[in-house]
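Undergrad: Here's my sequence, what's the structure:
(one chain, ligands or ions: 2)
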Amino acid sequence: MLERIQDALQEQQVAITEKILASRGTSLKEVKAKLSTFRVEIPSWGFGRSGTRYATYIDGTEAASPREKLALAGLCQRLTGCTPAVALIFPWDGDDYDLIRKCLKEEGLQAGAVNPSSFLPRPGPLDYRLKWGSLTNPVPEVRRAYIQHALDCLGIMRYLDSKTLTVWLHDGTNSPGQLSLLEQTRLLDEGAQPIYDALRPHESILIEYKFFEPAFYATAIADWGRSYALCQRLGDRARVLVDLGHHPLGTNVEQIVANLQYFGKLGGFHLNDRKYADDDLTTGSVDPFQLFRIFNVLVEAEFRGLQKVNNVVFMIDESHYLKDPLEEMLEAVDSIQRAYVQALAVDRTRWADAQKEGDAEAGDQVLKSAFFDTPATTILQSARLERGYPADPLQEYRFKYKASAKRLSVA
Ligand code: PSV
Ligand code: MN
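TA: Ligands and ions are numbered 1, 2, ... in the order given. Here you go, the predicted model:
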């Protein structure tokens, strides 16, 4: 009886949703078709436990090894159907590339972007001297060793069948006397060239920027302008990577996205949320409206023929300090899909008319109505069920899988 009522209710919700979407110039079929090809890469490091400089609280829900991380990534894909690729970072993910390849295969996953780590000290020339940077390190031996590490990562990429190298450099200075700013920028451009030159035609490099941390005076790639200039100089296969947490507070991130798309240089995203700095919080947990505004630009760019949404690499870059990492990942994926659905439901004709008429109020109402009034939950649930995935992946995980998982006490 209860089931019949639920089915009838769902039918009614779907019928209302069809009407709402039709009134906005689209349809449930179109939105579901877009959703079915939409993919988000999940990071291996996002399944571990992160901490602050005060403590790291291990509670048994985090993965401790590359194998465990990939097992959770596999479960994430089985629950969502939209996270088939895992971004990897070396040497954080170890050096057993055979094991990684085997685990990916066993879990039905692909390798996503490969990140050479510039910041992690290790035996050899990339030791404590990395504190002076990688490509912009004043010591030539360290610079050469980092370039070699990036080239080794290209080799790993090929071995794992990935096509994207993502580069973030922790390089920068903490005081004006540490390194000439002109020297810093010269070393950056010169050092990046041999890495770019080693790419094969079907491979690409995405270059991330961040305005501070760990450098507090002058980060080498501090903003999208510097990343853009570097990519422009390197060539077509270099594009900018926008990490949502890497801007000063108040920055209009969606405008950066629009500019990069207009100039053909948007490569992808590291999705997360933030309140104060590079907080790496769950995507959409603090400011889902910003996420929607970004997706609104992405959908419009596709509409204008500038860049297809599926040509952008969406990656999650979060660090999980409190919650169960897989739960946070599922929450993030849901928020990202939701923002995409809301953006697909923007009435583009009405918005264009409002702009032409100089009616900012009407324009804002179009966007707000897409954000607040789109029945995103109904759309997402019916799209997931249709593809054979659980309607609510987070609840499915909680009640089907997690109940039997072991929990350690807080260490
Ligand atoms: C730097 O803060 C960063 O965003 C880069 O993408 C790193 O690779 C990643 O975080 C490590 O968590
Ligand atoms: Mn990042």
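
Undergrad: Show me which residues of the chain sit near ligand 2.
TA: Residues of the chain lying near ligand 2 by C-beta under 5 Å from the ion: 243, 270, 317. Where C-beta positions appear, they are placed from N, C-alpha and C, glycine not excepted.

Undergrad: let's go with 6 Å and repeat that
TA: 168, 208, 243, 270, 317 (C-beta under 6 Å from the ion).

Undergrad: Show me which of those are buried.
TA: Buried residues within the residues of the chain next to ligand 2, counting neighbours by 16 or more other C-beta atoms under 10 Å: 168, 208, 243, 270, 317.

Undergrad: Sort out for me which of those are in strands.
TA: Judged by DSSP state E, strands contain the following of these: 208, 243, 270.

Undergrad: quick one, phi/psi of D280?
TA: Reported as degrees, to the nearest 10, the phi and psi values for D280 are phi 60, psi 40.

Undergrad: need the contact list for the residue nearest to it when sequence neighbours are not counted.
TA: Distance criterion C-beta to C-beta, 6 or more residues apart in numbering; nearest residue to D280, sequence neighbours excluded, is S319 at 4.2 Å. Contacts for S319 (C-beta atoms under 8 Å, 6 or more residues apart in numbering) come out as 45-46, 50, 280.

Undergrad: and P125, helix, strand or coil?
TA: coil (DSSP: H, G, I helix; E, B strand; the rest coil).

Undergrad: For N115, see how far away it is.
TA: Here P125 is placed at a distance of 20 Å from N115 (C-beta to C-beta, to the nearest Å).

Undergrad: Neighbour count for these two, which is higher?
TA: Using other C-beta atoms under 10 Å as the criterion, P125 and N115 rank with N115 on top: 26 against 18.

Undergrad: The more buried one reaches D93, doesn't it?
TA: No: shown here, N115 and D93 do not form a contact pair, counting by C-beta atoms under 8 Å, at 9.1 Å.

Undergrad: so does stretch 152-159 get close to ligand 1?
TA: No: against ligand 1, stretch 152-159 shows no contacts by C-beta under 6 Å from any ligand atom, the least distance being 11.9 Å.

Undergrad: Next, the buried residues of that stretch.
TA: 153-154, 156-157.

Undergrad: Out of the residues you listed, which sit inside helices?
TA: Secondary structure from DSSP state H places 153-154, 156-157 of the buried residues of stretch 152-159 in helices.

Undergrad: which other helices and strands contact the longest helix belonging to the chain?
TA: In terms of residue count, the longest helix belonging to the chain (DSSP H) is helix 2-23. With contacts taken as 3 or more C-beta pairs under 8 Å, 6 or more residues apart in numbering; DSSP states H and E, helix 2-23 sits against helix 28-36, helix 376-386.

Undergrad: ok so, going back, now render the ones in helices among the buried residues of stretch 152-159 as TSV, adding pLDDT and distance to A192.
TA: Shown next, in TSV, are those (pLDDT from 0 to 100; distance: C-beta to C-beta, whole Å):
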residue	pLDDT	distance to A192
C153	98	14
L154	98	13
I156	98	19
M157	98	17
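
Undergrad: now for the residues you listed, which pair is the farthest apart?
TA: L154 and I156 (7.4 Å; C-beta to C-beta).

Undergrad: Touching both of these two, which residues are there?
TA: Counting by C-beta under 8 Å, 6+ apart, the shared contacts of L154 and I156 are V114.
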